[in-house]
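Visitor: Need coordinates for the below:
(one chain, ligands or ions: 1)
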Amino acid sequence: MIITGKYPNLRMRRSRKEEWSRRLVRENTLSGSDFVLPIFLTNGKNKKQKIKSMEGVYRYSIDNLSVIIDRAIKNKIPMLALFPNTNKKLKDNNGSEALNENNLVSKAIIKIKKRYRNEIGIMCDVALDPYTSHGHDGLIKKKEILNDKTIQILIKQSLLQAEMGCDVIAPSDMMDGRIGEIRKALDKNGYEKIQILSYAIKYSSSFYGPFRDAVGSKKALKGDKKTYQMDYSNIDEALREVALDIKEGADMVMVKPGLPYIDVIKEVKNKFKIPVLAYQVSGEYSIIRNAIKKKILSNDAIYETLLSFKRAGANAIISYYADYLDKILK
Ligand code: PBG
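Guide: Down below sits the predicted model:
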C-alpha cells in the first residue's frame, strides 16, 4: 500500500470537488468498444418478438436484423453474439439441427457477413442446448451427459460455423478437452485464423433462467447442469479450467455469470494476462431492469454495474444492455 500523505495535509476530497477534476483522475471508463451485443434469432419474416422474462430484449427474424446491427455499429460495438430460438419440431435427442447448414445461425451469419463484411465480428455459441429436446448442452445416455461423444458433434458444429463465416467460436458447453479438439479440427480444415473464445468458467447458475426462456430450452430442460457447469463455491477450480483452456489454444476466456463472480474476473486477469470477457447474463440484466422499472433503483445502476467489470479487469462485457448504449454512455 502506497501512503502519499496524512490528514490534514492530505485531503482525498480535493480531487473529488469538481466534475472536471473527477474526470481528470478517473481510472476506468466505458465505451462502445467494451461491449458484445447478444442477438436472439427466430424464424419467420419481419419479426421482433418480446421475451417475457427479459423486458426490452427481443428475438429478431433474420430479415429484420439490420436495425439492431446498424445501431451496434453506430455505437462502435466490435462483436455480435448469435443465439437461436429453434422451432420445437426441429429439436431431437442429439441436437441434429446444430449441424444443419440451413439452420438459423448459419443463415444469420451469411446474411450479416454479406451486408456488413468485417465492420463487425460475429461470435457463435458452440453447445447443443438450443437444439436438444432435453435442453442439455450435450448428448445424454441414461441421464449422463456424455463428454467425448459430445465433443465429436461440437467439432462439427464449430466447423459449420467457421464455414459460414463466423469469426469467433465460443464453446459454452463445459465438456472436458473440447477447446483442444476444436482447435485441432479448425486448423486441419484451414481455419487457423478463426479465434476461440472459451467459456472457460461457466458456473451452474440460477441467473440463466431468462436466457433459457429466450432460446426456448427452459421448459425442455430436465434436471440441472451441475455435472458439467461449475460449482459456484470454487475459484481454484476455475483457475485450473482457464489454465487448461489456454494450453489447449483458447485466444480469450469468459467468466460467466458476471456480477456474482467479479472476484473471479479479477483473479483470472491478474494470474493469466489473457483477454477476459465478462458475461452479464440474462438474470443480471432482468434484475436491474425490473428494479429500475419499479423505481427501486435509478438508471445509473446500469453504468455502475457495467463499469465494475472493467474495474475488475475485463476486456469486454457481453451484455443485453449493449443495445442501449446511446442512453447509457451519454
Ligand atoms: C448455452 C448458453 C447459456 C447461456 C449462454 N449460452 C445457458 C445455459 O448454459 O444454460 C446463458 C446466457 C444468459 O443467461 O444470458 N449453453
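
Visitor: what does the lowest-mean-pLDDT helix or strand in the chain rub up against?
Guide: For the chain, counting by mean pLDDT, DSSP states H and E, helix 209-215 ranks last in confidence among helices and strands (a mean of 93). Helix 209-215 is contacted by residues 40, 51-54, 57, 59, 83-86, 129-130, 135, 218, 221, 281-283, 285-286 when judged by C-beta atoms under 8 Å, 6 or more residues apart in numbering. For the C-beta atoms, the positions are set from N, CA and C on the backbone; glycine is no exception.

Visitor: for stretch 145-165, same thing?
Guide: 94-95, 98-99, 101, 105-106, 109-110, 113, 122, 124, 126-128, 136-140, 169, 171, 173, 175-178, 181-182, 185-186, 189, 191, 194, 227-228.

Visitor: anything in the longest helix anywhere in the chain near the ligand?
Guide: For the chain, the helix reaching the highest residue count under DSSP state H is reported as helix 147-164. No: judged by C-beta under 6 Å from any ligand atom, helix 147-164 and the ligand are separated, with a smallest distance of 11.1 Å.

Visitor: Now do the buried residues in that helix.
Guide: Across helix 147-164, burial judged by 16 or more other C-beta atoms under 10 Å covers 147, 150-151, 153-155, 157-162, 164.

Visitor: Stretch 141-148 too?
Guide: In stretch 141-148, the ones that count as buried by 16+ other C-beta under 10 Å are 145, 147.

Visitor: Please apply the same query to stretch 126-135.
Guide: 126-135.

Visitor: all strands in the chain, in order from the N-terminus.
Guide: 35-42, 48-50, 58-61, 79-84, 121-126, 140-141, 144-145, 168-171, 195-202, 252-256, 276-279, 316-318 (DSSP state E).

Visitor: re earlier: go through the contacts of stretch 145-165 and flag which are in helices.
Guide: 105-106, 109-110, 113, 178, 181-182, 185-186.

Visitor: PyMOL command for the buried members of those?
Guide: Filtering those down to the buried ones (16+ other C-beta under 10 Å) takes a single PyMOL command:
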select buried, resi 105+106+109+113+178+181+182+185+186
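
Visitor: would you list the ones in helices among the contacts of stretch 145-165 in TSV and tack on pLDDT and distance to the ligand?
Guide: Below are those laid out as TSV (pLDDT from 0 to 100; distance: C-beta to the nearest ligand atom, whole Å):
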residue	pLDDT	distance to the ligand
105	98	13
106	98	18
109	98	17
110	98	22
113	98	22
178	98	12
181	98	17
182	98	15
185	98	20
186	98	20
